[in-house]
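Asks: Would you be able to build a 3D model of this:
(chains A and B)
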Amino acid sequence: MNMIQAINSALDIVMGRDPDIVVLGEDVGYFGGVFKATEGLQARHGKARVFDTPISECGIIGVAVGMATYGLRPVPEIQFADYIYPALDQLVSEAARLRYRSAGEYTAPITVRTPFGGGIFGGQTHSQSPEGIFTHVAGLKTVIPSNPYDAKGLLIAAIEDNDPVIFFEPKRIYNGPFDGHYDRPVTPWSKHPQSAVPEDYYRIPLGQAKVVREGEAVTLLCYGTMVHVALGVAEETGADVEIIDLRTLVPLDIATIEESVRKTGRCIVLHEATRTGGFGAELAALVQERCFYALEAPVERVTGWDTPYPHSLEWAYFPGPVRLTQALKRVMES
Amino acid sequence: MAEPRPPRNLPPLSLHVPEPRFRPGDAVDFAQFDRGAAGAVARPDTAVAAADIRDLPYALIRVLDDEGRAKGPWDPRLDPDRLRAMLRHMALTRAFDDRMYRAQRQGKTSFYMKCTGEEATSVGAAHALDQEDMCFPSYRQQGLLIARGWPIGDMMCQIYSNSGDRLKGRQMPIMYSAREAGFFSISGNLATQYPQAVGFAMASAAKGDSRIAASWVGEGSTAEGDFHSACTFASVYRAPVILNIINNQWAISSFSGFAGAEATTFAARAIGYGIAGLRVDGNDILAVYAATLWAAERARGNFGPTIIEHFTYRAEGHSTSDDPSKYRSADERAAWPLGDPVARLKQHLIGLSEWDEERHAAMDREVAEHVRDEGRKAEALGTLHDGLSQPFTTMFEDVFEEQPWHLKEQSEQMQAERKAAGI
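Replies: I've put the predicted structure just below:
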């Protein structure tokens, strides 16, 4: 399976198990979603459970919160993460805080699926990585898979979770892992071991990172598309890099991070989002607070620049192999 | 500062900034306001197509005339017991407001909001809805909880953030949550409850349930995007929902003109969405009841949503933090052409020989005593003035269903710091 198929499979399976799960969003019904993630779901589960919505992100999330109040478990789709801002108030002030402000009387177990990230010539309105905005909000969980196997297991766990979850789908790797070399052809997922996705139900618990490559010299913290950039650079440079795919930013698997940094003594955080106030800043601060005496070099951040995502210049923005290789060199030499 | 462009052979454009008719010190004259006559507006069948009642959003549904007589097709013909219950719920709401307003002035809590003059809009609606129907209120619908029989002591504990506050002292006063009463948790962010009510109604319909939803916003909040998202969704899916707009004329100091009232009515917002729209005299509880019942029957019959504009007047300030004498004429309240909802229902009941001044005075004493007794009990559990009433570690609860490591650590850090500081 590719990542889209894995997500589709997850939705299909949970909808079959729980009649309270509903899917809503722009174009998700008859058409099956612009990325085809919801294809066939309406035919199988009916129009009352999989339906198109008006183009109103505020309405989609607001309605989902109300449906959750009734007792449903909505899985709204925001077509591109760049469009999530009109829904921000419903996510931040409503879904995230409902349990807290009502002392548990009401909860909003909604899972917002949204494709995010660049590398697809989407310009500044189809390329953003707004995860840092959501990790900053108390009460929201943030999940980002990096391969089809994880996407299915994490999405099932997210939908079954009783808290609101933002599930960011790295759209650059929907069809195959991307190592950041934009001028090379991408190998489809079908030739990748993580495309061996079981047809049946399984979950990957939220809050558990995965060491995707073991190493002794430096720890690389990353998620989504960047996992594959990190793996590519490790392969190319032959550096003894330990790569951790965080998979869930909130709740974060701090134990795995600490263990790795204590072992390697060096740490690089890697993400596509803009740098200032990004999740990399949180990771760097946590590593500094908890592993300071184990560190042999300053924690380095490799991120997108603090600019809107540019269209024709996107490869100069994208934190690809060139930027990561040089950061690796700096960290190893210090 | 932009420089003026060189003149062309065209008249200069001008910007219209609305201004209310009366400012402090102005004499008030509502002679131009067309109330229409009680009983004059037709009552269509609840299955009517929205397109066939496009005149209703511009009319004003009134049942009680100036002598307190019920007139016309919207007269809900309620039995006297029901009328007396509604009167008592309005009186209790008013007494509760007065007590809690004073409590705020005495420093027992940080904030309060009265609904004086608007009691009918909540109490009337609550009586017309089924107890099972779900309410997504704004912050001035305490009458819903009171009419649904929710203990006012519980509401007071919330206002005092004391040890009896089920919300663990987290919410601003008056931001109640009462799931058992079908009362959604109040948000301070305006109009967010509107799409949520539509979502609840959609879920109920998708499940083949019979419960409907209702929501309330102030007229000022109709300018929020959520309002329009909610109307679009309600229209598209024919959600069984009642979307109430409480037009009390003032959004803090901004008069209704800043939400578009100079150009049209708020009920007429319904027309563009293909939704049924009613405009009612919000100070006439029989009109509020009748309109709500009509909309509820329409929703239950799968004929779609209804927008109801309740034309009323915010007799007091926006909140305890507000001084309306700074921005509106003090005469407005007295000159308000639709009167006072409590006085009007009282007059109606007396006209029916089902009530009298003695009983009314006795009821006022009874509700005041009830509020005082409940107030004492609530204050015995603490007031905001007394400081922390909840164990402070509860601050870290309910952020998520299960407490993650970072909140556990922060809770432990806080406990350690307090201990070290000798607190």
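Asks: Start from the N-terminal end of the chain and give the strands.
Replies: If you meant another chain, say so; for now it's chain A. All strands of chain A, identified by DSSP state E, fall at A:21-25, A:50-52, A:73-77, A:111-116, A:141-143, A:165-170, A:210-213, A:218-222, A:241-245, A:248-250, A:267-274, A:300-304.
Asks: was after chain B, sorry
Replies: B:134-136, B:213-218, B:241-247, B:250-251, B:254-255, B:276-281, B:306-311.
Asks: Which residue lies closest in space to residue A:31, excluding its sequence neighbours?
Replies: residue A:52 (7.7 Å; Cβ to Cβ, 6 or more residues apart in numbering or on different chains). Any C-beta I mention is one placed from the backbone N, CA and C, and that applies to glycine too.
Asks: Report how many residues lie close to the residue of the stretch 101-250 of chain A found nearest chain B.
Replies: Residue nearest to chain B within the stretch 101-250 of chain A: residue A:102 (4.0 Å; Cβ to the nearest Cβ). Residues lying near residue A:102 (other Cβ atoms under 10 Å in any protein chain shown) number 25.
Asks: Kindly provide the distance from it to residue B:185.
Replies: Applying Cβ to Cβ, to the nearest Å, the value for residue A:102 to residue B:185 is 4 Å.
Asks: what sits in contact with each of those two?
Replies: Common neighbours of residue A:102 and residue B:185, using Cβ atoms under 8 Å, 6 or more residues apart in numbering or on different chains, are residue B:177.
Asks: just to revisit the earlier point, mean neighbour count and mean pLDDT for the strands of chain B - can I get that in TSV?
Replies: Below are these laid out as TSV (neighbours: other Cβ atoms under 10 Å in any protein chain shown; pLDDT from 0 to 100):
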stretch	mean neighbour count	mean pLDDT
strand B:134-136	28	98
strand B:213-218	28	98
strand B:241-247	30	98
strand B:250-251	21	97
strand B:254-255	18	97
strand B:276-281	29	98
strand B:306-311	29	98
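Asks: Any chance of CSV for these, columns distance to chain A?
Replies: Output for the strands of chain B, formatted as CSV (distance: least, Cβ to the nearest Cβ, whole Å):
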stretch, distance to chain A
strand B:134-136, 7
strand B:213-218, 7
strand B:241-247, 9
strand B:250-251, 18
strand B:254-255, 20
strand B:276-281, 19
strand B:306-311, 16
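Asks: Columns distance to residue B:389 on top of the ones you listed, output as TSV?
Replies: Formatted as TSV, these follow (distance: least, Cβ to Cβ, whole Å):
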stretch	distance to residue B:389
strand B:134-136	27
strand B:213-218	30
strand B:241-247	32
strand B:250-251	33
strand B:254-255	36
strand B:276-281	41
strand B:306-311	36
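Asks: Name the stretch among the strands of chain A that sits most buried.
Replies: Sort those by mean neighbour count, taking mean count of other Cβ atoms under 10 Å in any protein chain shown, and strand A:218-222 sits at the top with a mean of 29.
Asks: what does that one rub up against?
Replies: With Cβ under 8 Å, 6+ apart as the test, strand A:218-222 has contacts from A:229-230, A:234, A:239-246, A:257, A:260-261, A:263-264, A:266-271, A:283, A:287, A:328, A:331-332.
Asks: Give me the mean pLDDT for that strand.
Replies: Across strand A:218-222, the average pLDDT comes to 98.
Asks: Given it, what are its sheet partners and their directions?
Replies: strand A:241-245 (parallel), strand A:267-274 (parallel) (DSSP bridges).
Asks: could you redo those strands as JSON lines and give each row mean pLDDT?
Replies: Below are the strands paired with strand A:218-222 laid out as JSON lines (pLDDT from 0 to 100):
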{"stretch": "strand A:241-245", "mean pLDDT": "98"}
{"stretch": "strand A:267-274", "mean pLDDT": "98"}
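Asks: wait, which of these is closest to residue A:3?
Replies: Each of the strands paired with strand A:218-222 was scored for nearness to residue A:3 using Cβ to Cβ, and the closest is strand A:241-245 (14.0 Å).
Asks: Around chain A, which positions in the stretch 251-400 of chain B sit nearby?
Replies: Neighbours of chain A within the stretch 251-400 of chain B, by Cβ under 8 Å from any Cβ of the partner chain: B:398, B:399, B:400.
Asks: can I get the residues you listed in JSON lines with neighbour count, distance to residue B:321 and pLDDT?
Replies: Below are those laid out as JSON lines (neighbours: other Cβ atoms under 10 Å in any protein chain shown; distance: Cβ to Cβ, whole Å; pLDDT from 0 to 100):
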{"residue": "B:398", "neighbour count": "22", "distance to residue B:321": "28", "pLDDT": "98"}
{"residue": "B:399", "neighbour count": "19", "distance to residue B:321": "28", "pLDDT": "98"}
{"residue": "B:400", "neighbour count": "22", "distance to residue B:321": "33", "pLDDT": "98"}
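Asks: Quick check: residues of the stretch 201-334 of chain A near chain B?
Replies: Near chain B, when you scan the stretch 201-334 of chain A using Cβ under 8 Å from any Cβ, you find A:207, A:250, A:251, A:252, A:254.
Asks: correct me, but the fourth one touches residue A:206?
Replies: Yep, that's residue A:252 we're talking about. No. Counting by Cβ atoms under 8 Å, residue A:206 is not a contact partner of residue A:252; they are 10.2 Å apart.
Asks: if we can go back for a sec, and the strands paired with strand A:218-222 as CSV, adding distance to residue A:155?
Replies: Putting the strands paired with strand A:218-222 into CSV (distance: least, Cβ to Cβ, whole Å) gives the following:
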stretch, distance to residue A:155
strand A:241-245, 16
strand A:267-274, 21
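Asks: so which of those gets nearest residue B:307?
Replies: Closest among those, using Cβ to Cβ: strand A:267-274, at 41.1 Å.
Asks: what's the angle between the closest one and strand A:300-304?
Replies: Orientation check (axes from the mean of the first three to the mean of the last three Cα atoms, to 10 degrees): strand A:267-274 against strand A:300-304 gives 20 degrees.
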